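Participant: Pasting the sequence and the predicted coordinates here, then a few questions.
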There are 2 protein chains.
Amino acid sequence: MQKFIIIGGDGAGMSAASKAKRNQPDAEVIVFERGPYISYSACGMPYWIGGQIGPMDKLVVLTPERARERRGIDVRIGHEVTQIDAAQQVVHVRNLETDAIFTQPYDKLVIATGARAAKPPIPGVDLPGVFALRSLSDGERIYDYLSQNPARRAVVIGGGYIGLEMAEGFRDRDMQVAVVEMLPQLLPNFDPDMVEPVAAHLVEKEVEIWTQTRVTQIRQSTDGALEVIVQSGKGETTLPADIVLVATGVRPNSELAQAAGLKLGATGAIWVDAQMRTSDPHIYAAGDCVEHFHRVLGENVWIPLAPVANRGGRVAGDNISGGQSSLPGIIGTAVVKVFDYTLAVTGLTENEARAHDGLGEIGSAVITSHEKAAYWPGAAKINVKLIIQKSNGRVIGGQLVGKKGVAKRIDVIATAITAGMTADDMAMLDLAYAPPYSPTYDPIQVCANVVGKGE
Amino acid sequence: MQKFIIIGGDGAGMSAASKAKRNQPDAEVIVFERGPYISYSACGMPYWIGGQIGPMDKLVVLTPERARERRGIDVRIGHEVTQIDAAQQVVHVRNLETDAIFTQPYDKLVIATGARAAKPPIPGVDLPGVFALRSLSDGERIYDYLSQNPARRAVVIGGGYIGLEMAEGFRDRDMQVAVVEMLPQLLPNFDPDMVEPVAAHLVEKEVEIWTQTRVTQIRQSTDGALEVIVQSGKGETTLPADIVLVATGVRPNSELAQAAGLKLGATGAIWVDAQMRTSDPHIYAAGDCVEHFHRVLGENVWIPLAPVANRGGRVAGDNISGGQSSLPGIIGTAVVKVFDYTLAVTGLTENEARAHDGLGEIGSAVITSHEKAAYWPGAAKINVKLIIQKSNGRVIGGQLVGKKGVAKRIDVIATAITAGMTADDMAMLDLAYAPPYSPTYDPIQVCANVVGKGE
């Protein structure tokens, strides 16, 4: 009987465990999870904290009990794997409740240790009332803190996805919010021209924006509240806060793999091949702890996002249990809600493309169009940007921003990029039209015409 | 100076004229249009008639005056081309106002004569109060009739797109509506399993549905209203009506081309190549009067839809004026709103695929999934169907039905089909995820996994 060990019980780990158990119902599948929860929607936390979702358990996809009963997976929460002995094919495990340490042999191991919030070395970053948001336990701590403290003012450090989603969550609780970002723009994985309307919208929604601003210190004020000291073009400013969210990025949990002698990539995340195999033939890895092949760049990148984690886990689970799957790579597709706006990106931004020598001359175009027939009640305008490689006309990136009709159009561009389509190919796609859904020429095709032929 | 003549001033014709004039600003571009309008959104008419859009001119994209002033196109409404003399390169034109006939020479000609409603040979089909809906003038007649007559009851003959859109338009005017369809199902270009929820929804919306029912006669009743006599499994029934809409399909206006000796296809529509050239080197054709190459079937089909008409017109206009464009074919992508539901289709339906010998063994799967994260407020369920060719795993068709999240997902499938992707390729696409827009596994990818691996 095969013994499969999975380290980490979130999306990637549970996808691997479930797939392996489906393939080999007789196999023993053990999942060691350090925390109290498995398989939850981390991406829903800002909305739960903002009060939009209902009780927390709506975010929990699977409980350890159900995983055991329904899927036959031996889930052990509160268990931390402290060491992988690749030569002996055993892991060392600590039961966090009893502090007991034991070893567990495996035939195949899947590392799905995820990523962690990267707290910057700011003085005061560990004060009470200063939080990061990564795990469901983090979310719970923030939720409880807000429930128990009459918080009126939030300062968010970091203007990326999580920072802006949490800004919305705090506003949904009717709190004042300031967002502090070191870079000149919010959402740095978009081109600045795409972020502009969103930045203006945040001001409409009464979110205070501090770009090109560094946080130098967080301290407790005399009345017990917090103060965030920031340095901007205007000099030093003190931002009062009842709660501070640090959302300055994440790091892969790759130390355990590294200590076991597994190869890491240049990104610092675990290196895997398309079958999710690490450099050890008995060890696979998946999820936010691994890097992936970028199909446009042709090199490995670390872009930790939930769908790829789930898919990679499933591939790893299939391959350890006799299946044959592979993950052909990613192209960095993502979408984010910022209050009434949606921003979406796939492939490379213009800035990324121009920074990458191997791609030759780059073309780009931005158009504005209605997302439905212009006369349809409530039709909104969206901006579409496409980036092409001039040498061959291939689309290598796309971005969309607007209040409606954004989220799925990016998937059309993502599919076209994956297929290696040129702008002309995209312009000639046979897409669906009816007035409630699109103009006769879909906006992405209008943009494809413009970027492809310069008209 | 080149002289370009375009027959027909709707989407295809005006796209051709505009593109040719942009390419060659010095060329003389004359458009002969039989009716009073050019370049309007026929697809918006049911909603305008239903009172959702506002005044009729919202549907008009371009007036003859603006086409002349802004684009330099010599648009002549009320002018019917009665004959094409291909040998002499002249057209014979009748001024419908003065009845004067004149000839006009051309260097290149584009035929964009469109399609017409096909009225079945039912006794009474020409009675006052019985309408078809194809041109904006048709729409105007219906609108005026409803404004001047206190119509409470509508009978719609034909349960396709137009029939159901008009059923909604009549309901929006608070009228009683019965839809009569000869076939066993509504919307015959979808598989029956996809239409089922929509049929149930129509009943909820108090639309009376008569499938497998033939209309034998339309007659005037003694009180001056209309009566539609139908024959169904229940025998003969009389449906009272104040207005009758005949929506039993359309036919290509290919007679002018045929009389000029141009090649028609087996579909009865004008044959063109990918450059929109007819069998005469000086004559191009585009829009609803031509057939197109179907990229999945590998043969020509006649599926008259607005986006392809516009695109084909643009290709024709480019090629007559020195450009080099081609339309690589279509795959029959379409979307229709039926009250709160959206149905969409691309490629082949299961029924079509199974009826087509050349495709070998066919696989299909239907799944139901939330279209957003299940916990997102207002998340709806959608059904997804994929059809594959078993020999190579390629996706050859897709259908979606649901209240939300349908219209753009069909475009992702359409793009994947165009690229020749397999179900496995689709399952591994890097699509955008955030809880307000999708579940972690997009429904189309869940379906791709099921149809691809039988799990």
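Facilitator: All right, it came through fine. Numbering: from 1, shown residues only, chains lettered A, B, ... in the order given.

Participant: residues from the stretch 351-455 of chain A in reach of chain B?
Facilitator: A:373, A:375-377, A:405, A:407-412, A:414-416, A:418-421, A:425, A:427-438, A:440-442, A:455 (C-beta under 8 Å from any C-beta of the partner chain). Any C-beta I mention is one placed from the backbone N, CA and C, and that applies to glycine too.

Participant: pLDDT wise, what is the nearest residue to A:Lys408 once chain neighbours are set aside at?
Facilitator: Of all residues not flanking A:Lys408 in the chain, B:Lys408 sits nearest, at 3.0 Å (C-beta to C-beta, 6 or more residues apart in numbering or on different chains). On pLDDT, B:Lys408 comes in at 95.

Participant: what about B:Lys408, distance to A:Gly405?
Facilitator: Per C-beta to C-beta, to the nearest Å, B:Lys408 is found 7 Å from A:Gly405.

Participant: hang on, the earlier thing: so how do I select the buried members of the residues of the stretch 351-455 of chain A next to chain B in ChimeraX?
Facilitator: Applied in ChimeraX, the following selects the buried portion of these according to 16 or more other C-beta atoms under 10 Å in any protein chain shown:
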select /A:373,375,376,405,407,408,409,410,411,412,414,415,416,418,419,421,425,427,428,429,430,431,432,433,434,435,436,437,438,440,441,442
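
Participant: Go through the residues of the stretch 351-455 of chain A next to chain B and flag which are in helices.
Facilitator: Among these, the members found in helices (DSSP state H) are A:409-412, A:414-416, A:418, A:425, A:427.

Participant: could the residues you listed go into CSV alongside distance to A:Phe32?
Facilitator: Compiled in CSV, these are given as follows (distance: C-beta to C-beta, whole Å):
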residue, distance to A:Phe32
A:Arg409, 41
A:Ile410, 36
A:Asp411, 35
A:Val412, 40
A:Ala414, 34
A:Thr415, 37
A:Ala416, 41
A:Thr418, 35
A:Asp425, 47
A:Ala427, 51
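
Participant: can you list the domains in chain A?
Facilitator: According to automatic domain parsing, chain A comprises the domains A:3-42+A:50-115+A:250-320, A:130-246, A:340-453.

Participant: Just name the most buried of those domains.
Facilitator: Of all those, domain A:340-453 carries the top mean neighbour count, a mean of 22, counting by mean count of other C-beta atoms under 10 Å in any protein chain shown.

Participant: chain center to it, what's the gap?
Facilitator: 22 Å (C-alpha atoms, centre = their mean, to the nearest Å).

Participant: Which strands or helices does the longest helix that chain A contains pack on?
Facilitator: The helix that spans the most residues within chain A, counting by DSSP H, is helix A:306-320. Packed against helix A:306-320 by the contact rule (3 or more C-beta pairs under 8 Å, 6 or more residues apart in numbering or on different chains; DSSP states H and E) you find helix A:11-23, strand A:108-111, strand A:283-285.

Participant: can you give me the helices in chain A?
Facilitator: Using DSSP H, helices in chain A cover A:11-23, A:45-49, A:64-71, A:136-148, A:161-172, A:192-204, A:255-259, A:306-320, A:350-355, A:409-418, A:423-427, A:443-453.

Participant: quick one: A:Arg219 and B:Asp144, what's the gap?
Facilitator: 74 Å.

Participant: How about A:Val246?
Facilitator: 65 Å.

Participant: One more: A:Val244?
Facilitator: In terms of C-beta to C-beta, A:Val244 sits 65 Å off from B:Asp144.

Participant: Give me the phi and psi angles of the spatially most central residue of chain A.
Facilitator: In chain A, the centroid-proximal residue (C-alpha atoms, centre = their mean) is A:Leu305; its distance is 3.5 Å. Dihedral pair for A:Leu305: phi -140, psi 150, per degrees, to the nearest 10.

Participant: dump the residue contacts of it.
Facilitator: Counting by C-beta atoms under 8 Å, 6 or more residues apart in numbering or on different chains, A:Leu305 touches A:334, B:433.

Participant: rerun that using 10 Å as the cut-off
Facilitator: Contacts for A:Leu305 (C-beta atoms under 10 Å, 6 or more residues apart in numbering or on different chains) come out as A:43, A:161, A:288, A:292, A:330, A:332-334, B:430, B:432-434, B:440.

Participant: Inside strands: which ones of these?
Facilitator: Using DSSP state E, the subset of the contacts of A:Leu305 located in strands is A:292, A:334.

Participant: pLDDT score for A:Arg116?
Facilitator: For A:Arg116, the model assigns a pLDDT of 96.

Participant: Same question for A:Asp126.
Facilitator: If you check A:Asp126, the pLDDT there is 95.

Participant: where does chain A have low pLDDT?
Facilitator: In the predicted model of chain A, residues A:454-455 satisfy pLDDT under 70.

Participant: again, only using 50
Facilitator: Applying pLDDT under 50 to chain A flags the ranges A:455.

Participant: Touching, A:Ile111 and A:Tyr284? I think so.
Facilitator: Yes. The criterion here is C-beta atoms under 10 Å, and A:Ile111 meets it with A:Tyr284 at 7.3 Å.

Participant: which neighbours do the two share?
Facilitator: A:6, A:16, A:270, A:272, A:276, A:278, A:290, A:316.

Participant: which ones are touching the nearest residue to A:His294 once chain neighbours are set aside?
Facilitator: In this structure, A:His294 finds its nearest non-sequential neighbour in A:Val301, 4.5 Å apart by C-beta to C-beta, 6+ apart. Contacts for A:Val301 were tallied using C-beta under 10 Å, 6+ apart; they are A:265-267, A:269, A:291-294, A:329-332.

Participant: among the helices and strands packed on helix A:306-320, which is nearest chain B?
Facilitator: Closest approach to chain B among the helices and strands packed on helix A:306-320 (C-beta to the nearest C-beta): helix A:11-23, 6.9 Å.

Participant: so the closest one versus helix A:306-320, what angle?
Facilitator: 30 degrees (axes from the mean of the first three to the mean of the last three C-alpha atoms, to 10 degrees).

Participant: Report whether helix A:11-23 contacts chain B.
Facilitator: Yes. For helix A:11-23 and chain B, the contact criterion (C-beta under 10 Å from any C-beta of the partner chain) is met by A:11, A:15, A:19, A:22-23.

Participant: Take those residues and write them to TSV, including distance to A:Leu183.
Facilitator: Shown next, in TSV, are the residues of helix A:11-23 next to chain B (distance: C-beta to C-beta, whole Å):
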residue	distance to A:Leu183
A:Gly11	29
A:Ser15	34
A:Lys19	39
A:Arg22	44
A:Asn23	45
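
Participant: Let me know the closest of those to A:Thr349.
Facilitator: A:Gly11 (25.9 Å; C-beta to C-beta).

Participant: Do I have it right that the closest one meets A:Cys289?
Facilitator: No. A:Gly11 is beyond contact range of A:Cys289, at 11.7 Å (criterion: C-beta under 10 Å).

Participant: about what we covered before: could you provide the domains of chain A in JSON lines, with additional columns for distance to B:Gln52?
Facilitator: Listed next are these as JSON lines, based on distance: least, C-beta to C-beta, whole Å:
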{"stretch": "domain A:3-42+A:50-115+A:250-320", "distance to B:Gln52": "30"}
{"stretch": "domain A:130-246", "distance to B:Gln52": "28"}
{"stretch": "domain A:340-453", "distance to B:Gln52": "6"}
